[in-house]
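Colleague: When you get a sec, could you give me coordinates for this:
(chains A and B)
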Protein chains: 2
Amino acid sequence: MSLKRSTVQQLLSSQELDREVLVKGWVRTRRSNKYVAFIAVNDGSVIHNLQVVADAEKFPEDSLKDVATGASVAVRGTLVASQGKGQTVEIQATEITVLGKADPEEYPLQKKGHSLEFLREIAHLRPRTNTFGAVLRVRHALAFAVHEYFNKNGFYYVHTPIITGSDAEGAGQMFRVTTLAPEHPPRTADGSVDFTEDFFGKATNLTVSGQLEGEIAAMALGKVYTFGPTFRAENSNTARHLAEFWMIEPEMAFYELEDNMDLAEDFLKSLVKYALEHCADDLAFLNEQYDKELLGRLNSVVETDFKRLTYTEAIEILKSAKQKFEFPVDWGTDLQSEHERYLVEKHFKKPVILTNYPKEIKAFYMKLDEDGRTVRAMDVLFPGIGEIIGGSQREEDLTKLTTRMAEMHVPTEDLWWYLDLRKFGTAPHSGFGLGFERLVLFVTGMANIRDVIPFPRFPKNAAF
Amino acid sequence: MSLKRSTVQQLLSSQELDREVLVKGWVRTRRSNKYVAFIAVNDGSVIHNLQVVADAEKFPEDSLKDVATGASVAVRGTLVASQGKGQTVEIQATEITVLGKADPEEYPLQKKGHSLEFLREIAHLRPRTNTFGAVLRVRHALAFAVHEYFNKNGFYYVHTPIITGSDAEGAGQMFRVTTLAPEHPPRTADGSVDFTEDFFGKATNLTVSGQLEGEIAAMALGKVYTFGPTFRAENSNTARHLAEFWMIEPEMAFYELEDNMDLAEDFLKSLVKYALEHCADDLAFLNEQYDKELLGRLNSVVETDFKRLTYTEAIEILKSAKQKFEFPVDWGTDLQSEHERYLVEKHFKKPVILTNYPKEIKAFYMKLDEDGRTVRAMDVLFPGIGEIIGGSQREEDLTKLTTRMAEMHVPTEDLWWYLDLRKFGTAPHSGFGLGFERLVLFVTGMANIRDVIPFPRFPKNAAF
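Modeller: Predicted structure coming up:
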C-alpha cells in the first residue's frame, strides 16, 4: 500500500490522531522492558525525536536487534496520543524495517556526551547530534533571514567574484589560485615564475571581500548585497578565525554614515528576532545545554537601542575607566578586544556602534571626515563577540581617494575600474560587512567558530 | 528641510500625487526645447526611468549643463500626473543638484546601442545599462526564489567547503589553492614539491561540486541544499562555460529517483513562475530586445508536464529519427547537444527528463540498476539550453559503491567519510545539481553565459 511519508516535524505538530503514518529516520536510542520497546527516531527535520512504541508481542526483542543507535529505519504504525511524559504523540508500530544498520561496535556516536573537540574529528557524523543539528538549523534560518530581509527592503543580491586578479584591499593574506605545474612552473627570462602562462593570464587569488565589486553594483542598482565565501591565509589557530568563511556585504548608493548605522542596527535586530521566532526549540536546547544566558542576551539585543558614539568619545571613557587594561589606550591606537568588551559589557551594557576612527587605522576607501584626521567608519560591537560588523561611508571624491591610496601605498593600476566609479556619476555611498559565522556564534551561543560551520578550514586542516 | 528620499520604483507605483518628493539617481538622457527640459533619471530599483520636468524659466539651459548622461543627481519637486506618453507620473522639478558629473567626452556609455562584447570589457559600468540592469534583477529574483522554495519545503541550506582536500568526484579539472612560494616551493628529498608545508598540510583545490558533502548533511538533516560557487579549470572558451559559476545542489534522504524527478520538475517550474510574476518589466524588456519568443517559452515550461523517458528509449527515438546527426547515436554513447535538442525541440517539443543511463558514462556514486548495466541517473533537458539539471539516486550500498569505485579507479582513501555514510545508517537518497547561470540564461533569453554573471571568469580573464 502506498502511504506518503511524513516528517517527524509534521507528526509532532499534527492534530490528526489515530491514523496510519509512515516515518523514516535514524534511531537515536532504544530501550525496552518485558512488554514494550521505545525507539526514539529522528529525521533531522526538528531537534525532537518521535517515540515509536513496539509491543513485545508483535516485536520480540530478537526482531529489533538491528534497531540500534544510528541505524536508519522505516516505521509504519498508528499515530496516537502519548501515554508517557515528554511528548504529546507517539507511533504505535505495526511494521519496522531497518534500511541501514549501524554496528554498535563501530558507530562512533554510540554513547552520549562526546566532546566538541572529538566531534570536530568526525565532522561527517556530527550533524547527527542534537547540538550540531540545532546549530545547522539555526544557521539555515539566519541565512534565509538575510535573504528575506534584503529582498523585502529592495536590495539586489550580487555574486561578486571568488577568484580575483587584484590584491588591493589588503584585508589579509591571500590564497593563490593556479593551474601552473607546481614542480616546474614556466619561467620568464629572469627566472621568475611566468604568470602570463597561468589560467587567467596573471597571478590570481581567492577574494578577501566582495566590497569593491559590490560598490560597482550599488552605483548602478542602488542597493545591493553580497553573501558569499571569503578567505584569509593568516596562520591563525584560534577559536575565532577561519581560513574560509561566509560574509554578507550590503552596499548602498546615496547612503551616508547615519543611514548605514540605521541599516546595520535594524538588520541585526531583524536577524536575531527571526531566529528567536523560527528556531525556538533549537535555541531552547542550546540555552539549556551550553549557555543559560543565551535567550536573555538575544532578547536584549532585539529590544535595546544600540549606543552610538565616536571613537574619540570611547577613548575618553576607556582612559577614565577604573579597570586596568593589558594594552594601553590612547587616541590613535586600535581598540583591543578587552577595550571593546569593557565598553559593551561593563560600561554601556548594550551593543555599541563606534564611529569616526583615526584614518591611520582604517582602510583607504573610507570617507575622510572634515577634520582630515578621522574617517566615517563604523564598527558594531556585540557582547561576547566584539566586532560583529565593520563598515563605513566610502570616499566618493576621486582626488581625496587617490591621495589616500598614494599615502597608503595602494596601487591604483589594478583598481582603475574602482576609480572610474568616482569619475562617472559618483555619489555618496556606504556599506558594511557582517561575518556570517560571527553572527551564528552569537545566536547559538557556541564558543568556537569551528563549531558553527559544517566543514571548518584552518591551518593544516581541510578534511572532508 | 528633511525630506525622505523615494526610489523610482516607489514613485512610479505611487497613487499619492501632488506632493513634494526627493529622488536620487543617474541621468540616462536629457532633451530639451525652448520651454522645458526632460531628464530621465534611473536609480536601479526598476528598469523604468522617472521623467523629471525642468521649466526653462527656473532652470536655464546653462544651469543644466552638468545634468548629462551618467551624472548622479538629487532632484526635489512635485510628483504630478504626466502630460506626456510613456509614463503616468513625473516630477516637476524645484531643485536639481548634480552630485557627481560624468564628462560626455569620457563616459563610455554616452551613446546608445553598445554591443554586448564591448560591454563585457567595461563590466564595471555595464550594470548601468537597461540590459544588464534587467539581467541582474532577474538573477537576484531567481536566487531569492531558490532560497524561498527550499525554505518553504523544509530543506536546510548547508555551506559545503570551497577549498577541498579531495579530488574525488572527477567532475572536471581543478584549480590548486596554495600559499607556497611560487618561485621556490619547499621540496622533499626526492625533489617533488612538499605539500605538507602548504597551508592545509596537503595539496588543496577549489571545489567542483558540493554534492558529496551535501550527502553528509542529508544523512543527518533529511533534506538539504547547497548554493555556492564551483570551479572548472578546463580551457573552454565558449558561450556556455565559465571557470567560476554558482551551483544549486539539493540532496534528500529517503528520496528515490521518482521523487527526485518530481522535485526537479516542481522546482524548475516554481523558479520560472516566480520570475514571470516578479520580473514582469525586466522580462518584457528582454523579450522585446533580444528574443521575441522568451515569454512564450517561459510560460510553456510552467504549464507543460515534462516528458520522462529512459536513455534506452531515447536512443531508439534518435536512431529512427529522419534527421542526420553529426555524431552517430548508439546505445552506450553519451548524448551530444544535437541529440538533446532534437528530443526537446523537435520530437517532444517540451522539457525532457532522461533516466537510467549506461553506467559507463556516469559518475561512480550513482545507484546501479538491477540489470547491472544502467544507473539511476536523470538529466533534465531544456529548449535552447540542453542539460539544465543533472542528478541521480545515489548508491547507498557499501559493497556496490566500493566495487564501482574500484572499477572506475576512484581512490577510496580520501573518501573514507563518504563510505562511512554507507556503513552507518545508510538509506536511499537522491539529489541533483542545477547550474545557476544556465537557469539565468534560460530565463533571461541571453545567448552568452558571460552576460548573466556580473564578473565572468574564463581563460585569460579575471578582470575586476
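
Colleague: got any ranges where the stretch 51-200 of chain A has weak pLDDT?
Modeller: A:111-112, A:167-171 (pLDDT under 70).

Colleague: now the strands for it?
Modeller: A:72-81, A:89-100, A:156-157, A:163-164, A:176-178 (DSSP state E, counting those that start in this stretch).

Colleague: now those as TSV including distance to B:Phe118 and mean neighbour count?
Modeller: Where you see a C-beta, it was placed from the backbone N, CA and C, and this is true even at glycine. Formatted as TSV, the strands of the stretch 51-200 of chain A follow (distance: least, C-beta to C-beta, whole Å; neighbours: other C-beta atoms under 10 Å in any protein chain shown):
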stretch	distance to B:Phe118	mean neighbour count
strand A:72-81	56	19
strand A:89-100	57	19
strand A:156-157	24	24
strand A:163-164	23	24
strand A:176-178	28	25
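
Colleague: Make TSV from those strands and add distance to chain B to it.
Modeller: Output for the strands of the stretch 51-200 of chain A, formatted as TSV (distance: least, C-beta to the nearest C-beta, whole Å):
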stretch	distance to chain B
strand A:72-81	4
strand A:89-100	3
strand A:156-157	4
strand A:163-164	5
strand A:176-178	5
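
Colleague: need the contact list for A:Tyr418.
Modeller: Contacts for A:Tyr418 (C-beta atoms under 8 Å, 6 or more residues apart in numbering or on different chains) come out as A:Ala168, A:Leu212, A:Glu215, A:Ile216, B:His124.

Colleague: can you give me how far the helix or strand hosting it is from the chain middle?
Modeller: A:Tyr418 belongs to helix A:416-423 when assigned by DSSP states H and E. Counting by C-alpha atoms, centre = their mean, to the nearest Å, helix A:416-423 is centred 32 Å from the centre of its parent chain.

Colleague: what comes up buried for it?
Modeller: Neighbour-count burial for helix A:416-423, counted by 16 or more other C-beta atoms under 10 Å in any protein chain shown, picks out A:Trp417, A:Tyr418, A:Leu419, A:Asp420, A:Leu421, A:Arg422, A:Lys423.

Colleague: what about the helix or strand that comes right after that helix, near chain B?
Modeller: Later in the chain than helix A:416-423, the nearest helix or strand by DSSP H and E is strand A:429-435. No - judged by C-beta under 8 Å from any C-beta of the partner chain, strand A:429-435 makes no contact with chain B; its nearest approach is 9.8 Å.

Colleague: picking up where we left off before, is it possible to get JSON lines of the buried residues of helix A:416-423 that adds pLDDT?
Modeller: Output for those, formatted as JSON lines (pLDDT from 0 to 100):
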{"residue": "A:Trp417", "pLDDT": "96"}
{"residue": "A:Tyr418", "pLDDT": "97"}
{"residue": "A:Leu419", "pLDDT": "97"}
{"residue": "A:Asp420", "pLDDT": "98"}
{"residue": "A:Leu421", "pLDDT": "98"}
{"residue": "A:Arg422", "pLDDT": "98"}
{"residue": "A:Lys423", "pLDDT": "98"}
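
Colleague: Just give me the closest of these to chain B.
Modeller: Within the buried residues of helix A:416-423, proximity to chain B (C-beta to the nearest C-beta) peaks at A:Trp417, which comes in at 3.9 Å.

Colleague: That closest one reaches A:Ser166, doesn't it?
Modeller: No - using C-beta atoms under 8 Å as the test, A:Trp417 is too far from A:Ser166 to be in contact (9.2 Å).

Colleague: Give the intersection of the neighbour lists for the two.
Modeller: Taking C-beta under 8 Å, 6+ apart as the contact rule, A:Trp417 and A:Ser166 both touch B:Phe464.

Colleague: quick one: pLDDT of whichever residue of the stretch 351-464 of chain A sits closest to chain B?
Modeller: Of all residues in the stretch 351-464 of chain A, A:Thr426 sits closest to chain B, at 3.4 Å by C-beta to the nearest C-beta. A:Thr426 carries a pLDDT score of 98 in this model.

Colleague: Surely it touches B:Val98?
Modeller: No - if you go by C-beta under 8 Å, A:Thr426 and B:Val98 don't touch, sitting 10.4 Å apart.

Colleague: between the two, what contacts are shared?
Modeller: Common neighbours of A:Thr426 and B:Val98 (C-beta under 8 Å, 6+ apart) are B:Ser72.
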